[in-house]
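In: Here is my input; please provide its structure:
(one chain, ligands or ions: 1)
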Amino acid sequence: MAETEIQKKTELIFIPAPGTGHLTSALEFAQLLIKRNNNLSITVLCIKFPFTPFSDSYIKSVLASQPHIQLIDLPEVEPPPQEELLKSVEYYILNFMESLVPHVKATIHNILSSSYPNSDSKPVVGLVIDFFCVSFIDVGNEVGIPSYLFMTSNVGFLSLMLSHLKRQIEDVFNDSDSELLIPGFSNLVPLSALPDACFSKHGGYVAYYKLAKRFRDTKGIIVNTFSELEQHAIDALLSDGQTPPIYAVGPLIGLKGPPSPNLDQAQHDSILKWLDEQPPTTVVFLCFGSMGSFGPSQTREIAVGLKLSGVKFLWAMRSQPTTGNNAEEALPEGFLEWMEVEGKGMLCEWAPQVEVLAHKAIGGFVSHCGWNSILESLWLGVPILTWPIYAEQQLNAFRMVKEWGLAMELKLDYRRGSDLVTAEEIEKGLRQLMDKDNLVCKKVQEMKELARKAVLSGGSSFISVGKLIDNMIGRN
Ligand SMILES: O=c1ccn([C@@H]2O[C@H](COP(=O)(O)OP(=O)(O)O[C@H]3O[C@H](CO)[C@@H](O)[C@H](O)[C@H]3O)[C@@H](O)[C@H]2O)c(=O)[nH]1
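Out: Next up is the predicted model:
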């Protein structure tokens, strides 16, 4: 058969996890693969998850008009009981994914038999699965399709997962553990920088353990990162001889940004209009990812800290879903009037983050250090003041501040329920962040250039995507 004919049959099945922070890069990556090789076609299996009802419309708005990408909705399943959420979010998601296995199996069989009824060859060359979807590796194995893990976080987190989560489940981390040596890290890592899940014997640790145990059962690990930032960690992981090839393919930046029910066109436009009115690099942007929120006391401290600092601000402030409190009600008396009369700032529930970070008025970013937020800030050259909250954000913040000198530290180990970050600490951090003579700002500009070069033709991530496609279609 001619090579082009073989290539025409090359299909991938993507199974992204339905959270905002996971979809952003996965959808970008699907489009990038098609751009790089238009003999590829991709089928995306869309998962409906009770807590992210908008993920459906997100996937459709980004991918529906792409001729080489088709979307198939997986049937809705009964979510695990709410009590499992208390054990840990990771545990809940893992269980949810396991419950989808029969549907994924049926859908893949259907794709194979309806699209390729007479073919003995294997037209589907890979499953590209989010790192929460390892339960689907066996489905692929059953029909002879290899899986590629899609890591929406970074190689450092992957290294923690692969190197430290092979303890017995009973043997979770505890206070008697000393600092950790994680392959690819230059510094010892304090336990306070580890994800909360590492300490939860019956929840998060079990989930992390089960996930990590399967990571190496894949044909390749695709990471949304770039080698100029993480080559050291990639080399350290590969040196064990057991890890499959790692493909650093980022930064994958979703310029369109995820939609939100809390941001309509009028709000979107008013945010950008307000920024247009501000002088260059004078505004700090505060945003804590798709789920980050604070209780009333912490909200008040942030407001007072902003006022004390005198820095103009755009604050994406979300109410806590668990309490149902309206975040604005927690603001100190007179704060909103002061903000509006003096033209000091603007509040919103959801911000068009990438457009905001790209705006010339923005001079700094107070971030929860989700990996997409970090990559977006590096891509756009905006320095970060770290305020990690959940998931692996503490580890990301630790690396940004201590390993790379690419961010300033407000908090490295903030956890829900821990002490408040005071208004005075926030004021001090904001002043430091907005000081443009800071060495961190220079380093961020340098990393911005490297990030952009990585994805250009001939750049490290560009080459890595080429190697991955070759691996997928059997050219190496
Ligand atoms: O008001 C907002 C808030 C978020 N975003 C976008 O939403 C995405 C958020 O992603 P991320 O910064 O990674 O944060 P999370 O949503 O918290 O992401 C989850 O997934 C990431 C990737 O695995 C992890 O690094 C995080 O710790 C985990 O919480 C980014 O693209 C943001 O630009 C907006 O556009 N507007």
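
In: and the spatially closest residue to residue 240 that is not a sequence neighbour, what does it touch?
Out: Nearest non-adjacent residue to residue 240, counting by C-beta to C-beta, 6 or more residues apart in numbering: residue 183, 7.7 Å away. The way it works is simple: take the backbone N, C-alpha and C, and place the C-beta from them, glycine included. Shown in contact with residue 183 (C-beta atoms under 8 Å, 6 or more residues apart in numbering): 159, 163, 233, 236, 237, 239, 240.

In: try residue 69
Out: Applying C-beta under 8 Å, 6+ apart, the residues contacting residue 69 are 30, 31, 34, 41, 42, 43, 44, 63.

In: With residue 44 instead?
Out: 13, 14, 15, 16, 30, 59, 63, 69, 70, 71, 72.

In: Assess the claim that residue 351 and residue 263 are in contact.
Out: Yes - counting by C-beta atoms under 8 Å, residue 351 does reach residue 263; the two are 7.3 Å apart.

In: Please report how far the closest residue to the ligand within the stretch 51-200 of the chain lies from residue 461.
Out: With C-beta to the nearest ligand atom, the shortest gap between the stretch 51-200 of the chain and the ligand falls at residue 152, namely 3.6 Å. Going from residue 152 to residue 461 by C-beta to C-beta, to the nearest Å gives 15 Å.

In: now do residue 26
Out: In terms of C-beta to C-beta, residue 26 sits 16 Å off from residue 461.

In: Could you count how many residues lie near the closest residue to residue 445 other than its chain neighbours?
Out: Nearest residue to residue 445 in three dimensions, chain neighbours excluded: residue 381, at 5.3 Å (C-beta to C-beta, 6+ apart). Residues near residue 381, counting by other C-beta atoms under 10 Å, number 18.

In: Spell out which residues belonging to the stretch 151-300 of the chain are near the ligand, please.
Out: 152, 153, 254, 257, 258, 287, 289, 290, 291 (C-beta under 6 Å from any ligand atom).

In: Please repeat the previous calculation with a cut-off of 8 Å.
Out: Counting by C-beta under 8 Å from any ligand atom, the positions of the stretch 151-300 of the chain adjacent to the ligand are 151-154, 157, 224, 254, 257-258, 260, 263, 287-292.

In: Just the ones in strands from those residues, please.
Out: 151, 287 (DSSP state E).

In: which one of the contacts of residue 183 has the most neighbours?
Out: Of these, with other C-beta under 10 Å as the count, residue 233 tops at 27 neighbours.

In: Could you check which helix or strand contains that residue?
Out: helix 227-238 (DSSP states H and E).

In: Only the buried residues of that helix, if you could.
Out: By 16 or more other C-beta atoms under 10 Å, the buried positions in helix 227-238 come out as 227, 228, 229, 230, 232, 233, 234, 236, 237.

In: just those residues now: which is nearest residue 466?
Out: Nearest to residue 466 among those, counting by C-beta to C-beta, is residue 227 at 13.7 Å.

In: measure the residue nearest to the closest one when sequence neighbours are not counted to residue 450 for me?
Out: Of all residues not flanking residue 227 in the chain, residue 460 sits nearest, at 4.4 Å (C-beta to C-beta, 6+ apart). In this view, residue 460 and residue 450 are 9 Å apart by C-beta to C-beta.

In: Over to residue 74?
Out: Taken as C-beta to C-beta, the span from residue 74 to residue 450 is 38 Å.

In: and the residue in the stretch 251-400 of the chain that the ligand sits nearest to, how many neighbours?
Out: Nearest residue of the stretch 251-400 of the chain to the ligand, counting by C-beta to the nearest ligand atom: residue 370, 2.3 Å away. A count of nearby residues for residue 370, using other C-beta under 10 Å, gives 27.

In: Pull the contacting residues for it.
Out: 21, 289, 290, 391, 393, 396.

In: let's see 10 Å
Out: Residue 370 sits next to 20-21, 24, 152-153, 287-292, 376, 388-393, 396 when contact means C-beta atoms under 10 Å, 6 or more residues apart in numbering.

In: check contacts around residue 221.
Out: The contact partners of residue 221, by C-beta under 10 Å, 6+ apart, come to 131, 148-151, 155, 158, 162, 215, 234, 237, 243-248.

In: rerun at 6 Å
Out: For residue 221, the contacting residues are 149, 244, 246, by C-beta atoms under 6 Å, 6 or more residues apart in numbering.

In: Would you check that the second one makes contact with residue 217?
Out: The one in question is residue 244. No - in this structure, residue 244 is not within contact of residue 217 by C-beta atoms under 6 Å, at 8.7 Å.

In: of the two, who's got more company?
Out: Taking other C-beta under 10 Å, residue 244 and residue 217 do not tie; residue 244 has more neighbours (19 against 15).

In: for the more buried one, what are its contacts?
Out: 218, 220, 221.

In: residue contacts, the residue lying closest to residue 465 once chain neighbours are set aside?
Out: Spatial nearest neighbour of residue 465, excluding adjacent residues (C-beta to C-beta, 6+ apart): residue 249 at 5.1 Å. With contact taken as C-beta under 6 Å, 6+ apart, residue 249 is in contact with 222, 461, 464, 465.

In: Mind jotting down where the strands sit in this protein?
Out: Using DSSP E, strands in the chain cover 11-15, 41-46, 69-73, 124-130, 147-151, 220-223, 246-248, 283-287, 312-316, 345-348, 362-367, 384-386, 407-409.

In: Could you list every helix and strand in contact with the longest one?
Out: Counting contacts by 3 or more C-beta pairs under 6 Å, 6 or more residues apart in numbering; DSSP states H and E, strand 124-130 is packed against strand 11-15, strand 147-151.
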